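Undergrad: what would the 3D arrangement of this be:
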Amino acid sequence: MPTSLVTGGAGFLGSHLCEYLLERGHRVICVDNLVSGSLANIEHIRDDAFTFLDHDVAEPIHVDEPIDFVFHFAALASPEDYLRMPLHSLKVGSYGTHNSLGLSKFKRARFLLASTSEVYGDPQVHPQPETYWGHVNPIGPRGVYDEAKRYAEALAMAYHGQQGVDTAIVRIFNTYGPRMRPNDGRAVSNFVRQALAEEPITVFGDGSQTRSFCYVDDLIRGIVLLAESGEHLPVNLGNPDERTLLDLAEIVKRITGASSEIVFEALRIDDPMQRKPDITRAQQLLGWEPEVTLEEGLSRLLREQGREPITV
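TA: The predicted structure follows:
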(Lines give C-alpha, C1' and ligand atoms only; values in the text may rest on other atoms or scores of the structure.)
Protein backbone atom coordinates (compact mmCIF):
# COMPACT_ATOMS: atom_id res chain seq x y z
CA MET A 1 0.00 0.00 0.00
CA PRO A 2 1.72 3.23 -1.12
CA THR A 3 1.42 6.21 1.21
CA SER A 4 0.56 9.64 -0.18
CA LEU A 5 0.65 12.95 1.69
CA VAL A 6 -1.61 15.67 0.30
CA THR A 7 -1.08 19.24 1.48
CA GLY A 8 -4.27 21.29 1.16
CA GLY A 9 -6.12 17.98 1.30
CA ALA A 10 -9.28 19.50 2.79
CA GLY A 11 -9.66 21.96 -0.09
CA PHE A 12 -11.69 21.63 -3.28
CA LEU A 13 -9.10 19.83 -5.41
CA GLY A 14 -7.23 18.27 -2.50
CA SER A 15 -10.28 16.47 -1.12
CA HIS A 16 -11.09 14.96 -4.52
CA LEU A 17 -7.47 13.86 -4.84
CA CYS A 18 -7.56 12.22 -1.38
CA GLU A 19 -10.68 10.26 -2.38
CA TYR A 20 -9.20 9.14 -5.69
CA LEU A 21 -5.96 7.97 -4.08
CA LEU A 22 -7.88 5.98 -1.46
CA GLU A 23 -9.88 4.33 -4.25
CA ARG A 24 -6.57 3.34 -5.85
CA GLY A 25 -5.41 1.65 -2.65
CA HIS A 26 -3.20 4.38 -1.18
CA ARG A 27 -2.86 5.26 2.46
CA VAL A 28 -3.51 9.03 2.55
CA ILE A 29 -2.28 11.68 4.98
CA CYS A 30 -4.29 14.88 4.52
CA VAL A 31 -2.47 18.01 5.74
CA ASP A 32 -4.47 21.24 6.04
CA ASN A 33 -4.80 24.16 8.46
CA LEU A 34 -8.36 24.87 7.21
CA VAL A 35 -7.67 28.51 6.31
CA SER A 36 -9.33 27.95 2.93
CA GLY A 37 -10.16 24.25 3.18
CA SER A 38 -12.97 22.74 5.22
CA LEU A 39 -13.55 19.61 7.28
CA ALA A 40 -16.89 19.38 5.48
CA ASN A 41 -14.96 18.36 2.35
CA ILE A 42 -13.52 15.26 4.01
CA GLU A 43 -15.96 14.39 6.80
CA HIS A 44 -17.64 11.77 4.61
CA ILE A 45 -14.37 9.82 4.23
CA ARG A 46 -14.60 6.81 6.52
CA ASP A 47 -11.46 4.84 5.77
CA ASP A 48 -8.84 3.45 8.15
CA ALA A 49 -6.23 4.35 5.54
CA PHE A 50 -7.05 8.07 5.85
CA THR A 51 -5.45 10.43 8.40
CA PHE A 52 -6.05 14.14 8.87
CA LEU A 53 -3.22 16.35 10.17
CA ASP A 54 -4.11 19.92 11.18
CA HIS A 55 -0.95 21.79 10.21
CA ASP A 56 0.23 24.95 8.42
CA VAL A 57 2.70 23.94 5.71
CA ALA A 58 4.52 27.25 6.14
CA GLU A 59 5.98 25.43 9.17
CA PRO A 60 8.16 22.28 8.82
CA ILE A 61 6.21 19.05 8.26
CA HIS A 62 7.04 16.04 10.42
CA VAL A 63 5.62 12.59 9.67
CA ASP A 64 6.85 9.44 11.43
CA GLU A 65 6.28 6.92 8.65
CA PRO A 66 7.46 6.21 5.11
CA ILE A 67 5.90 8.31 2.33
CA ASP A 68 5.88 7.45 -1.36
CA PHE A 69 4.20 10.54 -2.84
CA VAL A 70 3.86 14.17 -1.72
CA PHE A 71 1.15 16.13 -3.52
CA HIS A 72 1.60 19.83 -2.72
CA PHE A 73 -1.85 21.36 -3.20
CA ALA A 74 -1.86 23.86 -0.33
CA ALA A 75 -2.50 27.34 -1.74
CA LEU A 76 -4.84 30.29 -1.52
CA ALA A 77 -6.10 29.70 -5.05
CA SER A 78 -9.35 31.66 -4.73
CA PRO A 79 -9.10 35.36 -5.67
CA GLU A 80 -11.16 36.14 -2.57
CA ASP A 81 -8.49 34.46 -0.42
CA TYR A 82 -5.23 35.65 -1.92
CA LEU A 83 -6.47 39.24 -2.19
CA ARG A 84 -7.49 39.10 1.49
CA MET A 85 -4.31 37.33 2.67
CA PRO A 86 -1.55 38.29 0.24
CA LEU A 87 1.36 37.59 2.60
CA HIS A 88 0.02 34.19 3.54
CA SER A 89 -0.37 33.36 -0.14
CA LEU A 90 3.32 34.14 -0.69
CA LYS A 91 4.35 32.14 2.40
CA VAL A 92 2.46 29.04 1.29
CA GLY A 93 4.05 29.29 -2.16
CA SER A 94 7.55 29.77 -0.77
CA TYR A 95 7.91 28.28 2.74
CA GLY A 96 5.15 25.74 2.12
CA THR A 97 6.74 24.48 -1.09
CA HIS A 98 10.20 24.43 0.53
CA ASN A 99 8.91 22.39 3.48
CA SER A 100 7.01 19.98 1.24
CA LEU A 101 10.06 19.47 -0.95
CA GLY A 102 12.22 18.99 2.14
CA LEU A 103 9.87 16.26 3.33
CA SER A 104 9.99 14.61 -0.10
CA LYS A 105 13.79 14.67 -0.05
CA PHE A 106 13.94 13.18 3.46
CA LYS A 107 11.39 10.46 2.65
CA ARG A 108 12.70 9.85 -0.91
CA ALA A 109 9.17 10.46 -2.16
CA ARG A 110 7.91 11.51 -5.57
CA PHE A 111 6.85 15.18 -5.32
CA LEU A 112 4.07 16.73 -7.40
CA LEU A 113 3.52 20.48 -7.37
CA ALA A 114 0.04 21.78 -8.14
CA SER A 115 0.95 24.82 -10.20
CA THR A 116 -1.46 26.87 -12.24
CA SER A 117 -2.22 28.41 -15.62
CA GLU A 118 -1.82 31.73 -13.80
CA VAL A 119 1.94 31.39 -14.37
CA TYR A 120 1.13 32.43 -17.96
CA GLY A 121 -0.52 35.65 -16.74
CA ASP A 122 -2.44 37.55 -19.44
CA PRO A 123 -0.95 35.48 -22.26
CA GLN A 124 0.43 36.81 -25.50
CA VAL A 125 0.64 33.28 -26.90
CA HIS A 126 -2.56 31.32 -27.57
CA PRO A 127 -3.23 28.54 -26.72
CA GLN A 128 -0.64 28.30 -23.98
CA PRO A 129 2.05 25.59 -24.32
CA GLU A 130 4.38 24.69 -21.45
CA THR A 131 7.26 26.35 -23.34
CA TYR A 132 5.61 29.79 -22.99
CA TRP A 133 7.26 31.86 -20.22
CA GLY A 134 4.24 33.99 -19.47
CA HIS A 135 3.20 37.64 -19.22
CA VAL A 136 2.73 38.41 -15.52
CA ASN A 137 2.57 41.68 -13.57
CA PRO A 138 4.68 40.86 -10.48
CA ILE A 139 3.46 43.87 -8.47
CA GLY A 140 -0.23 43.75 -9.39
CA PRO A 141 -2.91 42.41 -7.01
CA ARG A 142 -2.78 38.96 -8.64
CA GLY A 143 1.02 38.83 -8.36
CA VAL A 144 0.95 37.36 -4.85
CA TYR A 145 -0.60 34.18 -6.29
CA ASP A 146 0.97 34.16 -9.76
CA GLU A 147 4.50 34.79 -8.55
CA ALA A 148 4.15 32.40 -5.61
CA LYS A 149 3.43 29.62 -8.10
CA ARG A 150 6.20 30.69 -10.45
CA TYR A 151 8.64 30.66 -7.53
CA ALA A 152 7.32 27.26 -6.43
CA GLU A 153 8.05 25.86 -9.90
CA ALA A 154 11.59 27.25 -9.79
CA LEU A 155 12.08 25.75 -6.32
CA ALA A 156 10.84 22.33 -7.46
CA MET A 157 13.24 22.32 -10.41
CA ALA A 158 16.13 23.43 -8.17
CA TYR A 159 15.43 20.58 -5.73
CA HIS A 160 15.30 18.20 -8.67
CA GLY A 161 18.49 19.49 -10.28
CA GLN A 162 20.65 19.99 -7.17
CA GLN A 163 19.17 17.59 -4.60
CA GLY A 164 17.93 14.84 -6.90
CA VAL A 165 14.33 14.99 -5.67
CA ASP A 166 11.91 13.20 -7.98
CA THR A 167 9.64 16.14 -8.88
CA ALA A 168 6.70 16.79 -11.19
CA ILE A 169 4.79 19.98 -11.99
CA VAL A 170 1.19 20.17 -13.16
CA ARG A 171 -0.14 23.47 -14.48
CA ILE A 172 -3.84 23.39 -13.69
CA PHE A 173 -6.29 25.35 -15.83
CA ASN A 174 -9.76 26.42 -14.63
CA THR A 175 -11.41 23.49 -12.86
CA TYR A 176 -14.87 23.14 -11.38
CA GLY A 177 -17.07 20.58 -9.66
CA PRO A 178 -18.61 19.61 -6.32
CA ARG A 179 -17.18 21.22 -3.15
CA MET A 180 -16.25 24.51 -4.75
CA ARG A 181 -17.00 27.25 -2.24
CA PRO A 182 -20.02 29.26 -3.41
CA ASN A 183 -18.29 32.58 -2.68
CA ASP A 184 -14.77 31.78 -3.84
CA GLY A 185 -14.75 34.45 -6.55
CA ARG A 186 -14.48 32.07 -9.50
CA ALA A 187 -16.78 32.29 -12.49
CA VAL A 188 -18.48 28.87 -12.29
CA SER A 189 -19.22 28.99 -8.56
CA ASN A 190 -20.34 32.63 -8.72
CA PHE A 191 -22.63 32.11 -11.71
CA VAL A 192 -24.22 28.94 -10.31
CA ARG A 193 -24.77 30.51 -6.89
CA GLN A 194 -26.34 33.62 -8.40
CA ALA A 195 -28.53 31.66 -10.81
CA LEU A 196 -29.87 29.31 -8.14
CA ALA A 197 -30.74 32.31 -5.99
CA GLU A 198 -32.38 34.06 -8.97
CA GLU A 199 -29.94 36.94 -8.48
CA PRO A 200 -28.32 38.90 -11.33
CA ILE A 201 -25.39 37.01 -12.84
CA THR A 202 -22.34 39.27 -12.61
CA VAL A 203 -19.94 39.24 -15.56
CA PHE A 204 -16.77 41.34 -15.33
CA GLY A 205 -15.90 43.34 -18.43
CA ASP A 206 -17.97 42.69 -21.55
CA GLY A 207 -17.79 38.90 -21.11
CA SER A 208 -15.63 38.37 -24.19
CA GLN A 209 -12.66 37.10 -22.17
CA THR A 210 -12.24 33.34 -22.52
CA ARG A 211 -11.59 30.44 -20.18
CA SER A 212 -11.37 26.67 -20.57
CA PHE A 213 -13.28 24.75 -17.89
CA CYS A 214 -12.22 21.24 -16.84
CA TYR A 215 -14.40 18.98 -14.68
CA VAL A 216 -12.65 17.94 -11.48
CA ASP A 217 -12.81 14.17 -12.12
CA ASP A 218 -10.92 14.58 -15.40
CA LEU A 219 -8.29 16.74 -13.74
CA ILE A 220 -7.64 14.40 -10.79
CA ARG A 221 -7.26 11.43 -13.12
CA GLY A 222 -4.60 13.33 -15.07
CA ILE A 223 -2.78 14.43 -11.92
CA VAL A 224 -2.36 10.86 -10.69
CA LEU A 225 -1.21 9.74 -14.14
CA LEU A 226 1.45 12.46 -14.01
CA ALA A 227 2.50 11.47 -10.48
CA GLU A 228 2.93 7.88 -11.63
CA SER A 229 4.96 8.90 -14.69
CA GLY A 230 8.64 9.74 -14.72
CA GLU A 231 8.10 13.27 -16.09
CA HIS A 232 9.80 16.23 -14.41
CA LEU A 233 8.99 19.19 -16.66
CA PRO A 234 5.66 21.06 -16.39
CA VAL A 235 2.54 19.52 -17.93
CA ASN A 236 -0.68 21.42 -18.68
CA LEU A 237 -3.92 19.81 -17.56
CA GLY A 238 -7.20 21.42 -18.57
CA ASN A 239 -10.02 21.27 -21.06
CA PRO A 240 -9.16 22.99 -24.36
CA ASP A 241 -12.86 23.70 -25.01
CA GLU A 242 -12.57 27.50 -24.91
CA ARG A 243 -15.66 29.52 -23.93
CA THR A 244 -16.30 33.19 -23.32
CA LEU A 245 -17.52 34.13 -19.85
CA LEU A 246 -20.72 35.44 -21.42
CA ASP A 247 -21.24 31.99 -22.99
CA LEU A 248 -20.73 30.41 -19.57
CA ALA A 249 -23.26 32.74 -17.96
CA GLU A 250 -25.85 31.89 -20.62
CA ILE A 251 -25.22 28.13 -20.27
CA VAL A 252 -25.62 28.35 -16.49
CA LYS A 253 -28.88 30.26 -16.95
CA ARG A 254 -30.19 27.63 -19.33
CA ILE A 255 -29.20 24.58 -17.26
CA THR A 256 -30.52 26.02 -14.00
CA GLY A 257 -33.66 27.43 -15.60
CA ALA A 258 -32.95 30.75 -13.89
CA SER A 259 -34.58 33.99 -14.94
CA SER A 260 -31.56 35.94 -13.71
CA GLU A 261 -30.47 39.01 -15.63
CA ILE A 262 -26.85 39.08 -16.81
CA VAL A 263 -25.20 42.30 -15.64
CA PHE A 264 -21.76 43.68 -16.42
CA GLU A 265 -19.24 45.22 -14.02
CA ALA A 266 -15.78 46.73 -14.44
CA LEU A 267 -13.05 44.32 -15.48
CA ARG A 268 -10.75 43.31 -12.64
CA ILE A 269 -7.14 44.49 -12.69
CA ASP A 270 -4.82 42.20 -14.72
CA ASP A 271 -7.69 39.80 -15.49
CA PRO A 272 -6.44 37.57 -18.35
CA MET A 273 -8.34 38.10 -21.59
CA GLN A 274 -7.88 34.57 -22.87
CA ARG A 275 -6.95 31.20 -21.44
CA LYS A 276 -6.74 27.86 -23.25
CA PRO A 277 -4.33 25.00 -22.58
CA ASP A 278 -2.26 23.28 -25.19
CA ILE A 279 -2.55 19.70 -23.87
CA THR A 280 -0.32 18.05 -26.48
CA ARG A 281 2.24 16.99 -23.85
CA ALA A 282 -0.45 15.47 -21.60
CA GLN A 283 -1.84 13.52 -24.55
CA GLN A 284 1.59 12.26 -25.62
CA LEU A 285 3.14 11.59 -22.20
CA LEU A 286 0.10 10.43 -20.23
CA GLY A 287 -2.46 9.40 -22.84
CA TRP A 288 -4.76 11.87 -21.08
CA GLU A 289 -7.47 14.15 -22.32
CA PRO A 290 -10.70 15.40 -20.69
CA GLU A 291 -13.90 13.41 -21.19
CA VAL A 292 -16.63 15.48 -19.48
CA THR A 293 -18.22 18.30 -21.50
CA LEU A 294 -18.99 21.64 -19.87
CA GLU A 295 -22.74 21.07 -20.06
CA GLU A 296 -22.47 17.59 -18.54
CA GLY A 297 -20.11 18.80 -15.82
CA LEU A 298 -22.43 21.63 -14.84
CA SER A 299 -25.33 19.16 -14.74
CA ARG A 300 -23.35 16.90 -12.39
CA LEU A 301 -22.55 19.91 -10.21
CA LEU A 302 -26.23 20.82 -9.93
CA ARG A 303 -27.22 17.24 -9.07
CA GLU A 304 -24.63 17.23 -6.26
CA GLN A 305 -26.47 20.25 -4.86
CA GLY A 306 -29.82 18.46 -5.06
CA ARG A 307 -30.97 20.37 -8.17
CA GLU A 308 -32.07 18.70 -11.37
CA PRO A 309 -30.65 20.42 -14.47
CA ILE A 310 -33.11 21.63 -17.07
CA THR A 311 -31.04 20.43 -20.02
CA VAL A 312 -27.78 18.56 -20.54
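Undergrad: give me phi/psi at the nearest residue to residue 123 once chain neighbours are set aside?
TA: In space, and not counting its chain neighbours, residue 123 is closest to residue 135: 5.9 Å by CB to CB, 6 or more residues apart in numbering. Where C-beta positions appear, they are placed from N, C-alpha and C, glycine not excepted. Main-chain torsions, residue 135, degrees, to the nearest 10: phi -140, psi 80.
Undergrad: do residue 212 as well
TA: Per degrees, to the nearest 10, the backbone of residue 212 is at phi -130, psi 120.
Undergrad: give the contact list for it.
TA: Residues near residue 212 by CB atoms under 8 Å, 6 or more residues apart in numbering: 173-174, 238-243, 275-277.
Undergrad: try 10 Å
TA: Going by CB atoms under 10 Å, 6 or more residues apart in numbering, residue 212 touches 117, 127-128, 173-175, 238-243, 274-277, 279, 290, 294.
Undergrad: re the thing from before, quick one: the residue nearest to residue 123 from residue 122, how far?
TA: 5 Å (CB to CB, to the nearest Å).
Undergrad: for these two, list the residues in contact with both.
TA: 270, 272.
Undergrad: bridged to the residue nearest to residue 123, which residues?
TA: Under DSSP bridges, the beta-bridge partners of residue 135 are residue 121.
Undergrad: my guess is it meets residue 142, correct?
TA: No - Residue 135 is beyond contact range of residue 142, at 12.0 Å (criterion: CB atoms under 10 Å).
Undergrad: between those two, which has more neighbouring residues?
TA: residue 142 (22 against 13; other CB atoms under 10 Å).
Undergrad: for the more buried one, what are its contacts?
TA: Applying CB under 10 Å, 6+ apart, the residues near residue 142 are 79, 82-83, 86, 118, 121-122, 136, 268-272.
Undergrad: next: residue 220.
TA: 13-14, 16-21, 175, 177, 237.
Undergrad: number of residues surrounding residue 169?
TA: 24.
Undergrad: please identify the buried residues of whichever strand or helix holds it?
TA: Taking DSSP states H and E as the definition, one finds residue 169 inside strand 167-172. Judged by neighbour count using 16 or more other CB atoms under 10 Å, the buried positions of strand 167-172 are 167-172.
Undergrad: kindly reformat those residues as a markdown table containing distance to residue 25.
TA: Converted to a markdown table, the buried residues of strand 167-172 look like this (distance: CB to CB, whole Å):
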| residue | distance to residue 25 |
| --- | --- |
| 167 | 23 |
| 168 | 20 |
| 169 | 25 |
| 170 | 21 |
| 171 | 27 |
| 172 | 24 |
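Undergrad: dump the residues you listed into TSV; add distance to residue 44 and pLDDT as well.
TA: Output for those, formatted as TSV (distance: CB to CB, whole Å; pLDDT from 0 to 100):
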residue	distance to residue 44	pLDDT
167	31	98
168	28	98
169	30	98
170	25	98
171	29	98
172	24	98
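Undergrad: got a list of what the residue lying closest to residue 50 once chain neighbours are set aside touches?
TA: In space, and not counting its chain neighbours, residue 50 is closest to residue 28: 5.2 Å by CB to CB, 6+ apart. Residues in contact with residue 28 (CB under 10 Å, 6+ apart) are 2-6, 9, 17-22, 42, 45, 47, 49-52, 69, 71.
Undergrad: low-confidence stretches in this structure?
TA: 311-312 (pLDDT under 70).
Undergrad: as a quick check, tell me the outermost residue of it.
TA: Most distant from the centre of the chain: residue 259, at 30.5 Å, with distances by CA atoms, centre = their mean.
Undergrad: re earlier: give me the buried entries from the contacts of residue 28.
TA: 2-6, 9, 17-22, 42, 45, 50-52, 69, 71.
Undergrad: surely residue 290 and residue 236 touch.
TA: No - using CB under 10 Å, residue 290 is not in contact with residue 236, being 11.5 Å away.
Undergrad: which neighbours do the two share?
TA: With CB under 10 Å, 6+ apart as the test, residue 290 and residue 236 both reach 173, 222, 277, 279, 282.
Undergrad: just the ones of these in helices?
TA: Those of these mapping onto helices are 222, 282, per DSSP state H.
Undergrad: can you pull the contacts of the nearest residue to residue 266 once chain neighbours are set aside?
TA: In space, residue 266 comes closest to residue 204 once its chain neighbours are excluded; the distance is 6.9 Å by CB to CB, 6+ apart. When contacts are counted by CB under 10 Å, 6+ apart, residue 204 touches 187, 190, 245, 264-268, 271.
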